[in-house]
Every structure is written in structure tokens, then in C-alpha cells.
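In: here's a sequence, model it:
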Amino acid sequence: MSFTGREELVNHIDYFEKYSKKFLTNIEDTCRCSGVFLDNDAIEVYEELYNMLLTKDFDTQKAKEIIKHKDFNKATFFEFLIVAQIDFNKYLMQKNLDFKYGAYLSFAIERYAGIFCNIHYNKTQTPSSINVFSANSNSGFFIHENFIDTFKKIEQIGEKLEFLNLFDGVPVRTFGDIIKIEDNQVTVKLDLMQILSMKEEGNAYIIANQYLQKNIKANIVATDFVKCEVTLNSFETQPFMHALKRKYPRVHPNEFTKIALKHEDGRVVNGKLFDISEGGIGVVSNEDIGFKNGDILSSQIVLHMPSTNESVELKLNFKLVVLIVYQNAFRYCLEILPNQADASKIQEFATLREQETLRELKDKLSLYKRD
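Out: Alright, predicted model coming up:
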């Protein structure tokens, strides 16, 4: 199964070969930020699929076998195919080339969508009849429609939207009903606890369902605490919603806590405790001295237990999972190594702090209800 314009597009094969490095780097960086570290086999899966994009006689069965790799993410793959399309259009503009080549690339991507996403593909299309993605009425989400059209369909069938926000690191997850859609704004009736969590984070996050293929981030236009309503706009896809991937809630410490991370070779990074969970901690620092993912680090932490204010000193070993840039600083994401006596104290602190945070949220809730 070929696609319109394939032969012409192959004339630009040098461009696509050079672009493959950027394509793979984008995917690796995005996965790393979500805590997924791609091994060589996973990278080869993405690379092979990218290299097959312009193939004339596409081996569908081989491709479907390839994508069974545990770390292959279809949404991420298609997200960066679209980025590749945008970059190619910029290249055409810079080189003053015919934009029909951009249409041909969209046909190649559409062919992939037909194979991997059960989206109808019309291989007889010409550049003058571009409709990059289309779907039948039974497929739920319509890729060529905007978010508002999809929300209207959800409202018509009486489906609820599921929201997820974090309040000081503790997840708050409830359902809401669409009660009004006007222009590009959607008004939803929600639990007041969810609205307060949205206000805390500054945005609303909608979880993907059978009608929404990706999680969605939205801007908060207005809130009505009396009616328990929130109006949203500026919808955009959120490929990775980290709160959904967390095994344990991450709570913020109840006070400023200094911490030093020591490598077995003697190097030390100084920072502050950012968050805590049963499985690990996050540390923010201005220092990056070359620690690598997988390095074993040790630390002594002094915590004051919620409720009792008991002071406890913990000696723990961690594995560095990932180091990311965070608000002009460095954030060290660390996993607690198993079989350590003091690990139970971290777990106890995280549980008590989560309970304390929920009480704080409920206290805020009672103030709004009283008003």
C-alpha cells in the first residue's frame, strides 16, 4: 500500500535521513521526562518505524509485531510524526520549495494512522483534497474535529468528564458534567474539592477516555464556588500526565528541609527536599556535578512527623532515577533502595502528610461552603 506523492518525496530522502536523529532525540527526551528510559531495543523500534515511513510496499504485519515492544508508545510516536511534518513544512518554506511535498508527507503519516489507529485512509487523495485524518462515526474521537466539537458530542450522549489535579502533591480525581458550551468555552459542574485543586495547580486536567484519545490540559476562565461550576478554555493535549503514572502520592514536606546527596566516590550535592513518597524523594538543587542515572547516593534527612512533630533522623540509600531541569534548577528524582530500616519512617511520614494535606483541603472546603 503506497501513498500519493511517494516517488516525489523520496527525492528528499537526504533530509529525512538527517532528521531521524532529531526525531529520536525528541522521543527519548519526552520519555525521560516522564520517567521512562528507553533501552536500545526500544529506540530501534522507533527508528525502524520512522525509516519505514516512505516505504512503497509497507510490511504491515512486521510493523504490528514491532510495536508490541513494552516501551513503545503510539501516542508519542504520532505526536513527533506531526512535529516532523511541521519541521518539514518549515524546511520547504526556507528552501522556497513547492508545498505539495508537505501534503505528500501528510499522506505518508495518514497511511500510518490507517494501519495503527484504525483510521480510514484514502490512498487516492490528491494535494487539492487534503483531509489529513478522517474517521467513521463509530470510532469515538474525531481527529479532524476540534475539542469543542468532541465536547458537544460528549454532552449530547450524557457522558461525564474525569478530572485529575494535585493538591500539594496529593491526587484529587472526580467526574464532572458538561452543563454549557459557548464559543470556545466549556462549563462543567464539579465537586468543590476538585475545583479547589484546580485553582491550586492553576489548570484543569481531563483524563483521556473513549472519546478523547489523549489527556487534556485546560485554562481556567472562571469559577463559581456556590454553584460548584468551572468554565474552561484553551484546550491542549497533554501526552504525559505524570500524576497518572505515579505509584504513590507525592507529598510536599511540612517545612523547609536541607539535604545533602553523597556519592560513594565522595562527591556531594546540596539542595532542599522537594517531595516525598513511599517509594522515593525529590530533591531540588542549583548544583549538577555529573551524577548519572542509576548512581547510588546516600543521605541523612531530619523530618518532623505530622501531628506529633516528633523529630526523626533517617539514614537512607537511594538510586538516582533521573535528573531533570526544573524552574532554572536541577531536580533529582530518587528511588529508595529496598531492605532499609529507616524506609518505614519515610512511608509513615508520607502517609501522615497525605492525610494532613487532605485535612487542609477539607478545611478550605468548609470555608467556601460556609460562605
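
In: tell me the secondary structure at Asp177.
Out: strand (DSSP: H, G, I helix; E, B strand; the rest coil).

In: which residues does it contact?
Out: For Asp177, the contacting residues are Lys160, Leu161, Val188, Lys189, by Cβ atoms under 8 Å, 6 or more residues apart in numbering. In short, each C-beta sits where N, CA and C put it, glycine included.

In: my guess is the first one meets Ile179, correct?
Out: Okay, so that is Lys160. No. The criterion here is Cβ atoms under 8 Å, and Lys160 misses it with Ile179 at 11.4 Å.

In: so what pLDDT did Met241 get?
Out: On pLDDT, Met241 comes in at 69.

In: so which residues of the stretch 201-350 of the chain form helices?
Out: Counting by DSSP state H, counting those that start in this stretch, the stretch 201-350 of the chain has these helices, from start to end: 242-245, 343-370.

In: in TSV, list these along with distance to Asn11 and mean neighbour count.
Out: As requested, the helices of the stretch 201-350 of the chain are exported to TSV (distance: least, Cβ to Cβ, whole Å; neighbours: other Cβ atoms under 10 Å):
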stretch	distance to Asn11	mean neighbour count
helix 242-245	42	14
helix 343-370	58	16
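
In: just the buried ones from the contacts of Asp177?
Out: In those, burial by neighbour count holds for Leu161, Val188, Lys189, counting by 16 or more other Cβ atoms under 10 Å.

In: can you add pLDDT, secondary structure and distance to Lys262 and give those residues back as JSON lines?
Out: Shown next, in JSON lines, are the buried ones among the contacts of Asp177 (pLDDT from 0 to 100; DSSP: H, G, I helix; E, B strand; the rest coil; distance: Cβ to Cβ, whole Å):
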{"residue": "Leu161", "pLDDT": "93", "secondary structure": "strand", "distance to Lys262": "46"}
{"residue": "Val188", "pLDDT": "96", "secondary structure": "strand", "distance to Lys262": "48"}
{"residue": "Lys189", "pLDDT": "94", "secondary structure": "strand", "distance to Lys262": "51"}
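
In: pull out the buried residues from stretch 191-201.
Out: Buried residues in stretch 191-201 (16+ other Cβ under 10 Å): Asp191, Leu192, Met193, Gln194, Ile195, Leu196, Ser197, Met198, Lys199, Glu201.

In: and the contacts of that stretch?
Out: Applying Cβ under 8 Å, 6+ apart, the contact partners of stretch 191-201 are 163, 165-168, 172-174, 176, 204, 220, 223, 225, 228, 230, 361-362, 364-365, 368-369.

In: show me the domain layout of this protein.
Out: Listed domain ranges for the chain are 6-129, 147-240, 258-356 (source: automatic domain parsing).

In: with distance to Arg250 added, can I get the ones you listed in CSV?
Out: Formatted as CSV, the domains of the chain follow (distance: least, Cβ to Cβ, whole Å):
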stretch, distance to Arg250
domain 6-129, 12
domain 147-240, 4
domain 258-356, 4
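
In: in contact with the nearest residue to Thr237 once chain neighbours are set aside, which residues?
Out: Sequence neighbours aside, Lys214 is the residue nearest to Thr237 in space, at 4.3 Å (criterion: Cβ to Cβ, 6 or more residues apart in numbering). Going by Cβ under 8 Å, 6+ apart, Lys214 touches Ala75, Ala208, Thr237, Gln238, Pro239.

In: out of the residues you listed, which are inside strands?
Out: Of the positions in these, Thr237, Gln238 sit in strands, assigned by DSSP state E.

In: which of the contacts of Lys214 are buried, as a ChimeraX select command?
Out: To isolate the buried members of those in ChimeraX, using 16+ other Cβ under 10 Å:
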select :208,238
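
In: so how far is Thr357 from Gly176?
Out: According to Cβ to Cβ, to the nearest Å, Gly176 and Thr357 sit 22 Å apart.

In: what do you get for Val284?
Out: Counting by Cβ to Cβ, the gap from Val284 to Thr357 is 19 Å.

In: sorry, back to before: quickly, which of the domains of the chain bottoms out on average pLDDT?
Out: Taking the mean pLDDT of these, domain 6-129 comes last: a mean of 82.

In: kindly state the pLDDT recorded for the residue nearest to Lys56 when sequence neighbours are not counted?
Out: Once flanking residues are discounted, Lys56 sits nearest to Ser2: 5.0 Å by Cβ to Cβ, 6+ apart. On the pLDDT scale, Ser2 is placed at 70.
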